[in-house]
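>>> Give me a 3D structure for the following:
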Amino acid sequence: MWTPETRGRSLGDADFSLYAALEARDTRLVRGLQRLQASLATTQEAKLLSVPVGAAILRIERRAFLPNGSPVEFTRSAYRGDRYDFVTEVR
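Here you go, the predicted model:
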């Protein structure tokens with residue numbers, strides 16, 4: 001995950017919730033964009049996820065923004081395709 005300095009104060013290598021840290025600074029995210037994509041595990045991902053090279057995985061990329069449009073979060077993740085359960089509610 002990548003985060004810029006927020007209001008002149010760095011979040012550093014936080015070992016707590018990013019969202020809690022932002023809220024403690026009176027900073028709230030108002031918009032997010034998340035993309036899920038089917039893919040195949042690279043050698044490094046396969047090792048980290050304990051799957052064969054080329055196994056089906058899900059890649060997730062997320063961006064979150066402040067009210068002024070400034071990005072405050074960029075995350076890339078890879079998940080095992082055989083152990084991921086995605087649930088969404090649409091209203």
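>>> Sketch out the strands for the chain, chain order is fine.
Applying DSSP state E to the chain gives strands spanning 31-40, 56-65, 71-80.
>>> chain center to the last one: distance?
Centroid separation for strand 71-80 versus its chain: 3 Å, with CA atoms, centre = their mean, to the nearest Å.
>>> cool, and the first one?
Taking the mean C-alpha point of strand 31-40 and that of its whole chain, the gap between them comes to 9 Å (CA atoms, centre = their mean).
>>> for that strand, packing partners?
With contacts defined as 3 or more CB pairs under 8 Å, 6 or more residues apart in numbering; DSSP states H and E, strand 31-40 has these neighbours: strand 56-65. The way it works is simple: take the backbone N, C-alpha and C, and place the C-beta from them, glycine included.
>>> Quick check: chain neighbours aside, which residue is closest to residue 51?
The spatial neighbour of residue 51 that comes closest, neighbours along the chain excluded (CB to CB, 6 or more residues apart in numbering), is residue 41 at 5.5 Å.
>>> Can you tell me how far the most centrally placed residue in the chain is from residue 25?
Of all residues in the chain, the one closest to the mean position by CA atoms, centre = their mean is residue 75, 3.4 Å from it. As judged by CB to CB, to the nearest Å, residue 75 and residue 25 stand 19 Å apart.
>>> List the buried residues in stretch 37-53.
41, 45, 46, 49, 51 (16 or more other CB atoms under 10 Å).
>>> typed the wrong thing, it's stretch 20-28
So, applying 16+ other CB under 10 Å, buried residues of stretch 20-28: 21, 22, 27.
>>> How about the contacts made by the nearest residue to residue 42 once chain neighbours are set aside?
Closest residue in space to residue 42, ignoring its immediate chain neighbours: residue 53 at 7.2 Å, by CB to CB, 6+ apart. Going by CB atoms under 8 Å, 6 or more residues apart in numbering, residue 53 touches 41, 42, 43, 46.
>>> Alright, that wraps it up for me.
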